[in-house]
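Q: when you get a sec, could you give me coordinates for this:
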Amino acid sequence: MKKNILITGASGFIGSFLVEEAIRRNYQTFAGVRASSNREYLGDPGIHFLELDFGNYDSLNNKLTQFANEFGRFDYIIHTAGLTKTINKADFDVVNFENTKSFVRSLQETNLVPDKFVFISSLASYGPGTGSAPITSTNVQRPLTEYGKSKLRAEQFLQDNAGFPYLIINPTAVYGPRDKDFYFLLKSIANHLELYIGSSEQLLSFVHVNDLVEAIFLGMESASVNQSLLVSDMETYTSKNVNRLIKKNLNSKTVSIVVPSPVASVFAVFSEIIGQVRGKVPVVNRERLKEFKAKNWSVDCTDLAGLGYEPKFKLEEGLVHTIAWYKEHGWIK
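A: This is a model prediction of the structure:
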């Protein structure tokens, strides 16, 4: 019989790719979505949709119980649902921590604890590396942002929950087809503007969404449990090298501007004021600026490599693949 897998946040960038991979691997796949979720990339007829309200504990218990009565328990759960940007910083804690805690407790109360609960966190829960040393899973976690702090609280809750079979995935910056955050950087360079904040020598790491999905399933299907796995393409880049690769792939010439950190801080304040009026989160805000200014986001993937992880996309190859998709879908010319 097919194993049951639930992927929450299934309509999101990473979630939609996870659903496609679960279908490909012949899981009976349940896509956890909100009633208002955009299902543009969830068109496979093999997908079962499950509307879950993590903010309503009684409703969540009822939905899980109804599911179990019809299909049995979930063998695996990949909890991708989360909040990455918001005007109200308190929302990070509600969505990323409180909702995760409610979900886990509901699974326990309804006796539906899966074989493994995979929590998709972020490198932001660790904060930047010290000096030029890459971030490892044993680093003391010192997140810079409210987003990172909310993810860390959820991780600590799982770690303190004795007997609950979790696996924490901490990806670095994720890019690939369908992603709108990385698209902003590509669009800027396509428009001939190359911006740096403070320095062009920031150490960065990336992972293509296809490699992240492979890493998640590798960890999920392995014997690894109750640990954290950091994910990147196992390379380190400088921000200048990243932009050079993008310019090469876009065949674009740019004007290079290094914005001093104090100037960027003032700009971020004004961007937030405008964002409040428009009801939108600006790309450059004071929270994100903390990450832009940090000097080292390189990653050590030793633990994941020990499971056999071999990324297929280094950044240059991944950019070719991603930019081709953007062009095919009319996102860039």
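
Q: Leu319 falls within a helix, correct?
A: Yes. Under DSSP: H, G, I helix; E, B strand; the rest coil, Leu319 falls within a helix.

Q: how about it, nearest residue that isn't a chain neighbour?
A: Asn249 (4.9 Å; Cβ to Cβ, 6 or more residues apart in numbering). C-beta here means a position set from N, CA and C on the backbone, and glycine is covered the same way.

Q: state the distance from that neighbour to Lys101.
A: 42 Å (Cβ to Cβ, to the nearest Å).

Q: now the residue lying farthest from the centre of the chain, what's its secondary structure?
A: In the chain, the residue that sits farthest from the middle, by Cα atoms, centre = their mean, is Asn69; the gap is 31.8 Å. Assigned with three-state DSSP, Asn69 falls in the helix class.

Q: just Gly32 next, same as before
A: At Gly32 the chain is in strand, as set by three-state DSSP.

Q: OK, contacts around the spatially closest residue to it that is not a sequence neighbour?
A: Nearest residue to Gly32, sequence neighbours excluded (Cβ to Cβ, 6+ apart): Thr8, at 3.6 Å. When contacts are counted by Cβ atoms under 8 Å, 6 or more residues apart in numbering, Thr8 touches Gly15, Gly32, Leu52, Ile77, Ile78, His79, Thr80, Ala81, Phe103.

Q: likewise for Pro282?
A: Pro282 touches Ala268, Ser271, Glu272, Ile274, Gly275, counting by Cβ under 8 Å, 6+ apart.

Q: still on that earlier bit, show me the beta-bridge partners of the residue nearest to Gly32.
A: Gly32, His79 (DSSP bridges).

Q: per-residue confidence at it?
A: Per-residue pLDDT puts Thr8 at 96.

Q: can you tell me how far it sits from Gln202?
A: From Thr8 to Gln202 the distance is 32 Å (Cβ to Cβ).

Q: all helices of the chain, in order?
A: 13-24, 57-71, 90-92, 99-109, 146-159, 181-190, 209-221, 239-250, 261-278, 286-293, 302-305, 315-328 (DSSP state H).

Q: other residues contacting the fifth one?
A: Contact partners of helix 146-159, identified using Cβ under 8 Å, 6+ apart, comprise 82-85, 89, 92-93, 95-97, 100-101, 104, 117, 119, 121-122, 124-127, 141, 143, 164, 166, 168, 226, 228, 287.

Q: and for the shortest one?
A: Residues lying outside helix 90-92 but in contact with it, judged by Cβ under 8 Å, 6+ apart, are Leu83, Thr86, Glu146, Tyr147, Lys149, Ser150.

Q: distance to Gly330 and pLDDT added to those, as TSV?
A: Below are the contacts of helix 90-92 laid out as TSV (distance: Cβ to Cβ, whole Å; pLDDT from 0 to 100):
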residue	distance to Gly330	pLDDT
Leu83	28	91
Thr86	29	87
Glu146	35	95
Tyr147	30	96
Lys149	38	97
Ser150	35	97
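
Q: nothing else from me, thank you.
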